[in-house]
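> Quick one: sequence plus predicted model below, questions after.
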Amino acid sequence: MPGTLIYAEVQKGEIKKGAFEITSKAKEFGGEVSVCIIGKGAEALAPQLAKYGADKIYVVDGPEFENYIPETFVQAFAQVAQKVQPSVVLASASAQGKDLMPAVAARLKVGAVSDCVEIKKEGDKVIAKRPIYAGKAYVMIEALGNPQVISVRPNALGIKEVAGAGAVEKVAVSLDASKIKAVAKEVVIAASTEPDQTEAEIIVSGGRGMKGPENFKMIEDLAHLFGPTATTGASRAAVDAGWRDHAYQVGQTGKTVSPNLYIAAGISGAIQHMAGMGTSKVIVAINKDAEAPIFTKADYGVVDDLFNVIPALIEEIKKVKG
Amino acid sequence: MNTIVCLKQVPDTETLIKIAGTTIATEGIKWVINPYDEFAVEEAIRQKEKMNAGAVTIVSLGPDRAIESIRTALAMGADNAIHINDGAYYDKADPFATAAVLAAAIKGLSYDAVFLGKQAVDDDASQVPAMLGELLGIPVVTQVLKFEVAADKSKATVNREIEGGHMVVEVPLPAVFSAQKGLNEPRYASLPGIMKAKKKPVDVKNAAGLGVSSGPMTVIKELSLPPARQAGKIITGDDAKAKAAALAKALHEEVKII
């Protein structure tokens, strides 16, 4: 029975959580679960995948895989796919997964679906659910061709521990250097240890009501109280005003997020913003305008001046935490 | 510098989505250039202006109404356009078929770079840029925040967004570049620009005429709306401090997050 091949992404010397999620999910599909891990130093990380259901782990390791360059990674991954002959290819829909998988699909001349929030097997095919219009609607969609190439949104499935055989095999891929034209000159990663908005469990977001960039310190302080799984966000109004970088923007021309807790401060709740955070488990809105549309969707609403509420909330949370 | 810009017409982001079968109800929708493609159009025009040479060609797959967005791009400063008006392709909204049609339209042209948005805000697939590069056999750099081209047009140095930062990539031309928000601030079309755009050439084609036969590689089984979110409770209290205390209590006891 043909199995599943998973792309496990390495970032900052570790396997990204998303790879564990899709590996344990693939176990439910039956067939052999193979994982391909590519990166400098990947060999040392590979055995971790067995705990999440990997039967075979193909390792592509070497200095040429230190930085992600699509032309290098596509060649390497396509060669492993040739060898494994899976019926399904899964990757996490991280920035890298969303970059790599369409190229893999085009090279294999098969269909691909991206950023799925649910995947299930129907007969011998995988059907996926994915948001469109930033979550204003959802489609059930099937990728045609063999293998089916599917990327899954981080955090959508959850991680399960399930034992796999975990046999590690190092693969020597042959790279056609004439097809690798792009060169990474420099990688600049901010020193921040905050998770990406798409992977955060708690997001504190600020909008037009924040009045200026200097006031976002308060938003950061509140987020930091929730620990390392929390980060900050911003509405389009705050980004367009130049108060926050676009990387923070939540909504239809920013990131689509689904944290356990989303605190919206001074955000009115325009339709583009609601689309991007509407699947958050709990939404808290703080806004002095009682008519703000966000209150129609929020689980908890505080109608008051955020400049009074947030400092008080920081103190109260400190008290609760003792 | 000759550039190609792939452009998709999409519903304005203010649109409330309603469903009609396995597609959306289009009544009353305001159609606009995909916001990320607008950055692509702007970047191509800026590069042309900087070099004071070359042409910007818009390539768009879409129905009759797409011509309005094509004309808007021409009014911004693009020079000519190819409108692939083929219902068998745009109706399916399939990234591979879309990339195949765009690649076929681009292949015969002379160009140094292809620009397009990093994703279209309707399907949100973010697949066409990487597929297009693969089909054209040229490098792709996605999520571009900054673009600079060498004076001899041999290569470009770009900043691309990665999680938590950016990567500086040097790539020989021609190549495909997908635009991320932050790349530039798109201009508005000027009145003289709008007048001129009416006379700029738009070549209308279909997939068969481009020699494309590959069909869609995905099939939509069902379209649904997410469950509507209900309003929860408004936290009351005498002042902001009391409300904050009540909220902290709720987050602790009900949500159990602190």
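Nice, thanks for sending it over.
> Give me the neighbour count for A:Gln96.
For A:Gln96, the neighbour count with other Cβ atoms under 10 Å in any protein chain shown is 22. Where you see a C-beta, it was placed from the backbone N, CA and C, and this is true even at glycine.
> Just say helix, strand or coil for it.
Of the three states, A:Gln96 takes helix under DSSP: H, G, I helix; E, B strand; the rest coil.
> OK, contacts around it?
A:9, A:11, A:68, B:162-163 (Cβ atoms under 8 Å, 6 or more residues apart in numbering or on different chains).
> Check B:Asp12 too.
B:29-32.
> can you tell me how far A:His224 sits from chain B?
Here A:His224 is placed at a distance of 13 Å from chain B (Cβ to the nearest Cβ, to the nearest Å).
> and that residue, that's in a helix?
Yes. A:His224 forms part of a helix when assessed by three-state DSSP.
> Return the residues in contact with A:Lys83.
By Cβ under 8 Å, 6+ apart, the contact set of A:Lys83 is A:58, A:171.
> Which strand or helix spans it?
If you go by DSSP states H and E, A:Lys83 is part of helix A:70-84.
> Can you point out the buried residues in that helix?
A:70-77, A:79-81, A:84 (16 or more other Cβ atoms under 10 Å in any protein chain shown).
> what's the neighbour count on the residue of chain A found nearest chain B?
Of all residues in chain A, A:Gly111 sits closest to chain B, at 2.9 Å by Cβ to the nearest Cβ. Residues lying near A:Gly111 (other Cβ under 10 Å) number 25.
> And A:Ser205, by the same measure?
Neighbours around A:Ser205, by other Cβ under 10 Å: 30.
> I'd say it and A:Leu261 touch.
No. Checked against Cβ atoms under 8 Å, the pair A:Ser205 and A:Leu261 is beyond contact range at 10.9 Å.
> that older thread, report the rounded mean pLDDT for the helix holding A:Lys83.
The average pLDDT within helix A:70-84 is 97.
> so where's the stretch 151-300 of chain A shaky on pLDDT?
By pLDDT under 70, the stretch 151-300 of chain A has no low-scoring segment.
> Close to chain B: what parts of it are there?
Residues of the stretch 151-300 of chain A that fall close to chain B, judged by Cβ under 8 Å from any Cβ of the partner chain: A:181-190, A:192, A:196, A:202, A:225-226, A:239, A:245-247, A:249, A:252-254, A:256, A:260-261, A:270-272, A:278-279, A:282-284, A:295-300.
> What is the three-state secondary structure of A:Glu169?
strand.
> do the same with the one 3 residues further on
When the structure is reduced to helix, strand and coil (three-state DSSP), A:Ala172 reads as coil.
> Just give the number of residues close to it.
Neighbours of A:Ala172 (other Cβ under 10 Å): 8.
> So which elements touch the helix or strand where A:Ala264 lies?
Element membership of A:Ala264 [criterion: DSSP H and E] is strand A:261-265. Under the contact definition 3 or more Cβ pairs under 8 Å, 6 or more residues apart in numbering or on different chains; DSSP states H and E, strand A:261-265 sits against strand A:202-206, strand A:282-287, helix A:306-321.
> Quick check: buried residues in the helix or strand following it?
As assigned by DSSP H and E, the chain's next helix or strand after strand A:261-265 is helix A:271-277. For helix A:271-277, burial by neighbour count (16+ other Cβ under 10 Å) applies to A:271-277.
> check contacts around the spatially most central residue of chain A.
Among the residues of chain A, A:Pro154 comes closest to the average C-alpha position under Cα atoms, centre = their mean, at 3.6 Å. By Cβ under 8 Å, 6+ apart, the contact list for A:Pro154 reads A:16-18, A:21, A:92-94, A:198-199.
> How about A:Asp289?
Contacts of A:Asp289 (Cβ under 8 Å, 6+ apart): A:268, A:303.
> Are we agreed that it is in a helix?
No. The assignment for A:Asp289 (three-state DSSP) gives coil, which keeps it out of a helix.
> hang on, isn't B:Lys18 packed against B:Thr26?
No. Here B:Lys18 does not reach B:Thr26: they are 9.2 Å apart, not a contact under Cβ under 8 Å.
> about what we covered before: next, the residue nearest to the centre of chain A: secondary structure please.
coil.
> The residue lying closest to it once chain neighbours are set aside: neighbour count?
Taking Cβ to Cβ, 6 or more residues apart in numbering or on different chains, and ignoring the residues beside it in sequence, A:Pro154 has A:Gly18 as its nearest neighbour in space, at 4.3 Å. Residues within reach of A:Gly18, counting by other Cβ under 10 Å, total 30.
> how about A:Gly18, secondary structure?
When classified by three-state DSSP, A:Gly18 comes out as helix.
> thought it was touching A:Ala95?
No. With contact defined as Cβ under 8 Å, A:Gly18 does not reach A:Ala95; the gap is 11.2 Å.
> Give the buried residues for stretch B:174-193.
Buried, per 16+ other Cβ under 10 Å, within stretch B:174-193: B:174-184, B:186, B:189, B:193.
> for stretch B:148-168, same thing?
For stretch B:148-168, a neighbour-count test (16+ other Cβ under 10 Å) marks B:149, B:153, B:155-156, B:158-164, B:166-167 as buried.
> again with stretch A:47-62
Across stretch A:47-62, burial judged by 16+ other Cβ under 10 Å covers A:48-62.
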